[in-house]
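Got a predicted structure here, sequence first:
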Amino acid sequence: MSLWTKLKDLVEGIDADGSRAGNLREEELRLASGALLVTAGTIDGEFDANEKRKVKALLQKRFDLEPGEVRQLFEESEARERDAVDLYRFTSVLCRELDQDGRKRIVEMLWEVVMADGVVDEFESNLVWRVAELIGVSTRDRVELRKVVEARLGL
């Protein structure tokens with residue numbers, strides 16, 4: 001669905017029960033999450049197959065998507081990430097749409113992506129730190145989530 005179509009649908013009105021607004025917010029949340037995960041995979045200059053598989057698996061699990069939906073979300077997320085000038089456009093959506101547990105889950109997902117290739121470089125670590133700060137996840141929680149993911153992956 002193109003941006004023009006999405007805007008047209010929004011202007012044409014919201015259903016009385018608010019479902020259209022809910023669907024748009026959910027799609028915005030998916031794209032913001034996906035774009036940040038893609039950023040985590042690309043920030044070190046190499047978006048390898050393991051990282052791509054990890055991003056897709058996390059999106060599928062988090063949003064309960066079918067394979068075709070995952071492919072589409074991944075492609076749209078890559079496009080959003082390429083066009084982004086900063087992280088705020090994504091993190092502001094997460095702050096608005098997620099509670100603290102949801103925000104921590106995003107940080108955990110970021111750690112999973114940056115660790116997918118077995119190496120966490122300074123750019124990746126810095127990205128997770130910046131996102132965590134922007135979405136209000138404490139340093140303590142960020143470090144604890146890193147340890148949880150390292151243990152799960154046997155690193």
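Ah, there it is.

For the spatially most central residue of the chain, list the residues it contacts.
Central residue of the chain (CA atoms, centre = their mean): residue 33, 2.0 Å from the mean position. For residue 33, the contact set (CB atoms under 8 Å, 6 or more residues apart in numbering) comprises 59, 62-63, 77, 90, 94, 106, 109. All C-beta spots, glycine's among them, are computed from the backbone N, C-alpha and C.

and the helix or strand containing residue 71, what's its mean pLDDT?
Using DSSP states H and E, residue 71 sits in helix 67-83. The average pLDDT for helix 67-83 rounds to 94.

Mind listing residues that contact the very next helix or strand once past it?
Next in sequence after helix 67-83, counting helices and strands by DSSP H and E, comes helix 88-97. Residues from elsewhere that reach helix 88-97 (CB under 8 Å, 6+ apart): 25, 28-29, 31-33, 35-36, 80, 84, 102-103, 106, 131, 134-136.

repeat for stretch 100-108
Stretch 100-108 is contacted by residues 33, 36, 62, 94-95, 98, 128, 131-132, 135-137, 141-142, 145, 148-149 when judged by CB under 8 Å, 6+ apart.
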